[in-house]
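In: what's the 3D shape of this:
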Amino acid sequence: MLWWAGAVLMAVGEMGNFAAYGFAPITLIAPLGCVSVTGSAIISVMFLKENLRASDLLGMTLGFAGTYLLVNFAPNRTQSISARTVQYYFVGWQFLIYVIFEILIFCTLLYFHKRKAMKHMVILLSLVALLASLTVISVKAVSGMITFSVTDKMQLTYPIFYIMFIIMIASCVFQVKFLNHATKLYNTAMVVPINHVFFTTSAIIAGVFCRSLVCF
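Out: Here you go, the predicted model:
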């Protein structure tokens, strides 16, 4: 019963996180994931009776400080995202350069991981982070088009909506695959915070290169 309650609460939380991308910039939403990492540490102490070390407290403090700076100085502006807007920027030179550059890095890391059997945590989590940047862009586009459909004009009839939706699902699935591989090989206490740092960094970089598309 408790497991199902937790699963439902996680689903509701992720739905709220998805909806937030339709109303706020990525640089405001992504860093707030630090709260979940800190919350997990506190819950593990309260319910699993794990020890909270001085280094853990220092990391939580620095995480909160970084989140405060990112959120406080993030650009507080959004724009409505229509299907035509996504189509326009989807073939723009900034987005194409970013995607090509990311594919090259991803293929290089995947080569070392598969062919050279390199299973270092940094390689695995870098693969996750590269996929996460595509997830963030596609989530922002899908959420924005859904929001635009509710507040203005229906956008779900455009093919670009389903293209971005497929990219979102596919990138999420492969993220989970590499992340599960990392958690099997390394301590979860190390994987989770490092993955959060990589995810936040990839989301911000995606915003820099694809500023117009993701309403950075």
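
In: can you give me the helices for this protein?
Out: 2-20, 26-29, 34-47, 54-72, 83-90, 93-114, 121-151, 159-185, 188-209, 211-214 (DSSP state H).

In: Need these in CSV (columns: mean neighbour count and mean pLDDT).
Out: (Each C-beta comes from the backbone N, C-alpha and C, glycine too.) Formatted as CSV, those follow (neighbours: other Cβ atoms under 10 Å; pLDDT from 0 to 100):
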stretch, mean neighbour count, mean pLDDT
helix 2-20, 11, 69
helix 26-29, 20, 69
helix 34-47, 14, 70
helix 54-72, 13, 76
helix 83-90, 18, 82
helix 93-114, 14, 86
helix 121-151, 22, 85
helix 159-185, 16, 87
helix 188-209, 19, 77
helix 211-214, 20, 50
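
In: what's near enough to touch residue 165?
Out: Neighbouring residues of residue 165 by Cβ atoms under 8 Å, 6 or more residues apart in numbering: 138, 142.

In: And it, how close does it get to residue 135?
Out: Using Cβ to Cβ, to the nearest Å, residue 165 is found at 12 Å from residue 135.

In: Then residue 168?
Out: Using Cβ to Cβ, which is the criterion applied here, residue 168 is 6 Å from residue 135.

In: swap in residue 122?
Out: 20 Å.

In: Same check on residue 180?
Out: 16 Å.

In: before we move on, what about residue 109?
Out: 17 Å.

In: same check, this time on residue 108
Out: 20 Å.

In: Check residue 175 too.
Out: Remark: distance between residue 175 and residue 135 (Cβ to Cβ) = 7 Å.

In: What of residue 159?
Out: For residue 159 relative to residue 135 (Cβ to Cβ), the value is 20 Å.

In: for residue 118, same thing?
Out: Applying Cβ to Cβ, the value for residue 118 to residue 135 is 24 Å.

In: Could you do residue 170 as well?
Out: Residue 170 is 9 Å from residue 135, by Cβ to Cβ.

In: can you check residue 54 too?
Out: Taking Cβ to Cβ, one finds residue 54 at 34 Å from residue 135.

In: what about dumping the CA coordinates of stretch 113-127 to CSV?
Out: This file holds the C-alpha atoms of stretch 113-127, laid out as CSV (Å, rounded to 0.1, in the frame of the first residue of the first chain):
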residue,chain,number,x,y,z
HIS,A,113,31.2,2.4,-23.5
LYS,A,114,30.2,-0.4,-25.9
ARG,A,115,33.3,-1.2,-27.9
LYS,A,116,36.0,-0.4,-25.3
ALA,A,117,33.9,-1.6,-22.4
MET,A,118,34.5,1.6,-20.4
LYS,A,119,31.9,1.7,-17.7
HIS,A,120,33.2,4.7,-15.7
MET,A,121,30.4,6.6,-13.9
VAL,A,122,31.2,9.9,-15.7
ILE,A,123,30.8,8.2,-19.1
LEU,A,124,27.4,6.7,-18.1
LEU,A,125,26.1,9.9,-16.5
SER,A,126,27.3,12.0,-19.4
LEU,A,127,25.2,9.8,-21.8
